[in-house]
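1. Coordinates for the following, if possible.
(one chain, ligands or ions: 1)
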Amino acid sequence: MTESKYTQSTEWPYPVNYGKENEDVADVLILGGGIAGCHAAITAAKRGAKVIVVDKGAVIRSGLGGTGVDHWHLACTNPCSKITPEEMVGLLKKFGDYFYLEFGNGITCYITCKESYDALLDCEKTGVKVRDVDDEFAGASFRDEKTKLMFAYDYENKYCIRVNGGANIKVALYNELKRLGAKIYDHVMATSLLTEGGKQGARVVGATGVNARTGEFYIFKAKSTLLSMGAPAGLWIFSTELAGATLFQEPNLTGEGTAMAWQAGAELTMLERSSAMIASGGFSYPMYGTGNAHNTWYACTIVDADGKEVPWVDRDGKILKTVSERYRPAPGQKTFVYGRMSPSYELWGPTIIPDLPERIMKGEFKLPLYADLPGMPEHERRAIWGLMVGNEGRTRIPIYDRYTKAGFDPDKDMLQANIMPPEQYGFGAWWGAYGPRQWRTGGFAAGGGLAFDWDLKTSLEGLYVAGMTTYAGGDHSVAACSGRYAARKAVKYAQTAQEPVIERKQVDKEKARVYAPVTQKDGVGWKELRAGLCRIMQDYCGEYKSEETLKTGLGWFNSIRESEAATAYARNPHELERTLECLTHITVGEIIMHASLARKASSLPLEFKRLDYPEMDPPEWNKFVTIRLENGDVKVGELPFNYWLLPPNAPKYEENYQKHCDL
Ligand SMILES: Cc1cc2nc3c(=O)[nH]c(=O)nc-3n(C[C@H](O)[C@H](O)[C@H](O)COP(=O)(O)OP(=O)(O)OC[C@H]3O[C@@H](n4cnc5c(N)ncnc54)[C@H](O)[C@@H]3O)c2cc1C
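-> I've put the predicted structure just below:
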């Protein structure tokens, strides 16, 4: 393999060996060592499988959970929970037929309700501090004195656990992986899936990768493969000039999992779903770095510029007189999801008054607003500024440590608050960061991905999926639980699977694709290319779509792939990785456009607006639209709502779970 002239003239701290091949063999190959991948690897290794974990970053801190977790959802089987898995899945169904927001779909949601607490106990065994072992919160109303577990949001029903030492959860998982002998390939970007005979739609027998430091090539052969590479992000906005947190997600999550599954012929769904993530956009404050009243900052008192308290109300608009009422369901209500996030009144929770903007306009409250930490009861104050902000993803160092070192004292200081318009009280107000919105960063709320069944198996033999790579997304506990579960299925499959055989021609083709940028001398750099690709998404696949704009967008991607992208150059392995991500960007953009073309109707829950099909959710389109590649052609299909419980006389949640779970 020729080295580019740029490589030779650029100082690079690692030996560069473009094209050099490394081979390894596993029973279970895990692509993406984030939360789902780590839990999967630990489970598979404990079951005696030979496990390989491949990660683009360093597993010890990579992925969305790499910087922490403050709340652990759906722990319905913990000894204090007053909600059973069956009740919970029924309640979350109120979010609608497409998705359960942070909670996966019917399958991953139920698995999580059943196993979330066990997964947390697994973490505790690896050394994560889960409980209030030092009695720092003794007597707090969110603490159970017997178990020393601490709860968030609904103190009555106690199913969401505050993780005392969540900031370092990934370090503990990493150490456990090492202890169990899983083989970890850090800084190796997985680039493609290998299939039997090199055919699209055939059994998956391994994957290829490239090292972001040495440029070396990897061929992994495996009896079963598990995709846990997060969801694509950064498709609509890219700028290295914008300061702060321009992405909600981790920048490494560019969607190779989705792209490689597509190329291999796997069935994808819900890729047409778009949403505007408030938390992203270049002018945002760092997440959770301004005060607010929701999510991590729940349920902080907000005051106006004169110190006047903004009232809280329950779902019925009844004024809540005490702080403690903010953590309880309304009379007659089972439980709630804070704010007005749920489309269903049944799950609406306490919130600051929804008509705050009107009242500000009338002069009742004066801007700016502040999060009044000193005004909160001491335990609650220390829970927000400590347990939560201290352990939440991306807040420990930039917010908690930095503000503390700079002298911020929650006992005395208020933090200026950014509060969202009322219709976003559910979503927006959590983040406390209001800037230009990036269309569809994915969030936890699922922007589509791989379709799967009760075995967390994809449509391809030998390929399993977990975490946010599934079409149904999910949060930390969903990732952990789906990782453990999918690994059990992948191990079982590997135990009887035939020896995988790699098709050399497929490897050669991928090598040629991967190394093309290092053979280029002139052309575009990855930053320019990426910014241009974002323009295609903004202009032709934005909030409002039509057949014409989508087809024009596909035409542009095709043209860029053949021209600018074909000339893109990389001067070192890092730039090679970033350039390959641009190629992923094109593929994922095309997938989204194909999915958007396939749904010939607008949809409110999917936040999907077709100008040429403006009717919202006509009954014939109430279904999941699926797409896949077959011999290079896009095939459109469908899955009925609740496909996990069909046909009507099929087993229900618990029976399905018991039939498949392989505990
Ligand atoms: C700021 C923030 C705060 C959050 N707080 C909470 C919380 O308090 N509670 C909660 O429940 N959830 C929280 N979440 C969500 C939670 O972190 C995610 O839902 C969870 O981490 C998803 O797990 P995953 O395994 O699917 O993805 P990730 O954990 O993101 O793992 C994906 C992995 O894939 C790797 N990867 C990507 N591409 C490649 C490639 N080409 N080759 C090899 N590897 C690749 C990445 O490096 C990464 O390690 C938060 C998320 C963020 C961003």
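2. among the helices and strands of this protein, which one scores worst on average pLDDT?
-> Ranked by mean pLDDT, DSSP states H and E, the weakest helix or strand in the chain is helix 428-431, scoring a mean of 38.
3. Any chance you could list what contacts stretch 492-504?
-> Applying Cβ atoms under 8 Å, 6 or more residues apart in numbering, the external contacts of stretch 492-504 come out as 27-28, 49, 194-198, 203, 205-206, 219, 221-224, 457, 462, 464, 662. C-beta: built from backbone N, CA, C; applies to glycine.
4. Which of those residues fall within strands?
-> Secondary structure from DSSP state E places 27-28, 194-195, 205-206, 219, 221-224, 464 of those in strands.
5. Tell me which two of those residues sit farthest apart.
-> The span of the ones in strands among the contacts of stretch 492-504, defined through Cβ to Cβ, is set by 219 and 464 at 20.1 Å.
6. out of these two, which sits in the more crowded spot?
-> For residue 219 versus residue 464, the count of surrounding residues by other Cβ atoms under 10 Å is larger for residue 464: 30 against 19.
7. ok, the more buried one - contacts?
-> Taking Cβ under 8 Å, 6+ apart, we find residue 464 in contact with 224-227, 452, 455-458, 486-487, 489-490, 493.
8. quick one: which of the residues you listed sit in helices?
-> 486-487, 489-490, 493 (DSSP state H).
9. dump the residue contacts of the closest residue in space to residue 187 that isn't next to it in sequence.
-> Spatially, and ignoring its direct neighbours in sequence, residue 187 is nearest to residue 212 (4.7 Å; Cβ to Cβ, 6 or more residues apart in numbering). Going by Cβ under 8 Å, 6+ apart, residue 212 touches 56, 187-189, 573-574, 576-577.
10. from those, which ones fall inside helices?
-> Among the contacts of residue 212, the residues falling in helices (DSSP H) are 573-574, 576-577.
11. how far away is residue 347 from the ligand?
-> Here the criterion is Cβ to the nearest ligand atom, to the nearest Å. By it, residue 347 lies 17 Å from the ligand.
12. Please report how far that residue lies from residue 317.
-> In this structure, residue 347 and residue 317 are 16 Å apart, going by Cβ to Cβ, to the nearest Å.
13. try residue 165
-> As defined by Cβ to Cβ, residue 165 lies at a distance of 39 Å from residue 317.
14. repeat for residue 273
-> 31 Å.
15. do residue 185 as well
-> For residue 185 relative to residue 317 (Cβ to Cβ), the value is 55 Å.
16. quick one, which of these two is more surrounded?
-> Ranked by neighbour count (other Cβ under 10 Å), residue 185 and residue 317 place residue 185 first, with 21 against 10.
17. hmm, back to that, format the ones in helices among the contacts of residue 464 as a markdown table; extra columns: neighbour count and distance to residue 18.
-> Compiled in a markdown table, these are given as follows (neighbours: other Cβ atoms under 10 Å; distance: Cβ to Cβ, whole Å):
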| residue | neighbour count | distance to residue 18 |
| --- | --- | --- |
| 486 | 34 | 34 |
| 487 | 32 | 33 |
| 489 | 21 | 37 |
| 490 | 34 | 32 |
| 493 | 20 | 35 |
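18. So which of the residues you listed is the closest to residue 518?
-> Nearest to residue 518 out of the ones in helices among the contacts of residue 464 is residue 490 (Cβ to Cβ; 33.8 Å).
19. Can you verify my assumption that that closest one contacts residue 228?
-> No - using Cβ atoms under 8 Å, residue 490 is not in contact with residue 228, being 10.8 Å away.
20. Quick check: neighbours shared by those two?
-> residue 40.
21. I'd like to check which residues are in contact with the residue of the stretch 351-500 of the chain found nearest the ligand.
-> The ligand sits closest to residue 467 of the stretch 351-500 of the chain, with a gap of 2.3 Å, by Cβ to the nearest ligand atom. Residues near residue 467 by Cβ under 8 Å, 6+ apart: 32, 34-37, 228, 230, 474, 478-479, 482-483.
22. what sits against residue 198?
-> 503, 505-506, 509.
23. can you tell me how far it sits from residue 56?
-> Here the criterion is Cβ to Cβ. By it, residue 198 lies 24 Å from residue 56.
24. next one: residue 14
-> For residue 14, the distance to residue 56 (Cβ to Cβ) stands at 16 Å.
25. Could you check which of these two has the larger neighbour count?
-> Set residue 14 next to residue 56 and count neighbours by other Cβ under 10 Å: residue 56 wins out with 29 against 15.
26. The more buried one reaches residue 62, doesn't it?
-> Yes - counting by Cβ under 8 Å, a contact exists between residue 56 and residue 62, whose distance comes to 7.1 Å.
27. Now the common contact residues for the two.
-> Taking Cβ under 8 Å, 6+ apart as the contact rule, residue 56 and residue 62 both touch residue 252.
28. Next, the nearest residue to residue 251 once chain neighbours are set aside: secondary structure please.
-> Closest residue to residue 251 apart from its sequence neighbours, by Cβ to Cβ, 6+ apart: residue 234 at 6.5 Å. Under DSSP: H, G, I helix; E, B strand; the rest coil, residue 234 falls in the coil class.
29. Next one, pLDDT for residue 234 please.
-> pLDDT recorded at residue 234 is 83.
30. measure it to residue 399 for me?
-> Distance from residue 234 to residue 399, counting by Cβ to Cβ: 22 Å.
31. Also residue 608?
-> Separation of residue 608 from residue 399 (Cβ to Cβ) stands at 34 Å.
32. can you check residue 271 too?
-> For residue 271, the distance to residue 399 - Cβ to Cβ - is 33 Å.
33. who has more neighbours, those two?
-> residue 271 (26 against 23).
34. if I look at the residue of the chain found nearest the ligand, how far off is residue 457?
-> Residue nearest to the ligand within the chain: residue 34 (1.6 Å; Cβ to the nearest ligand atom). In this view, residue 34 and residue 457 are 20 Å apart by Cβ to Cβ.
35. Which one's more surrounded, those two?
-> residue 34 (34 against 21).
36. which intervals of the stretch 351-500 of the chain have sub-threshold pLDDT?
-> In the predicted model, the stretch 351-500 of the chain carries pLDDT under 70 at residues 419-446.
37. now what about stretch 553-564, what contacts it?
-> 523-524, 529, 532-533, 536-537, 539-541, 583, 586, 589-590, 593-594.
38. which among the residues you listed end up buried?
-> 523-524, 529, 532-533, 536-537, 540-541, 583, 586, 589-590, 593-594 (16 or more other Cβ atoms under 10 Å).
39. Kindly provide the distance from residue 19 to residue 508.
-> Relative to residue 508, and taking Cβ to Cβ, residue 19 is found at 11 Å.
40. More neighbours: which of those two?
-> Between residue 19 and residue 508, counted using other Cβ under 10 Å, the more crowded position is residue 19 (15 against 11).
41. Can you verify that one is assigned to a helix?
-> No - Residue 19: not assigned to a helix; according to three-state DSSP it is coil.
42. got the contact list for stretch 618-628?
-> Contacts for stretch 618-628 (Cβ under 8 Å, 6+ apart): 97-98, 201, 262, 265-272, 451, 459, 471, 591, 594-595, 598-601, 603, 634-641, 643.
43. Ok, stretch 595-609 next?
-> Counting by Cβ under 8 Å, 6+ apart, 96-99, 268-276, 343, 448, 541, 543-545, 547, 550-551, 610, 613-618, 620-621, 625, 627, 634, 636 sit against stretch 595-609.
44. Which among those residues count as buried?
-> Neighbour-count burial (16+ other Cβ under 10 Å) applied to these gives 96-99, 268-276, 448, 541, 545, 550, 610, 613, 617, 621, 625, 627.
45. What parts of the stretch 451-600 of the chain come near the ligand?
-> Residues of the stretch 451-600 of the chain lying near the ligand by Cβ under 6 Å from any ligand atom: 467-468, 474-477, 479.
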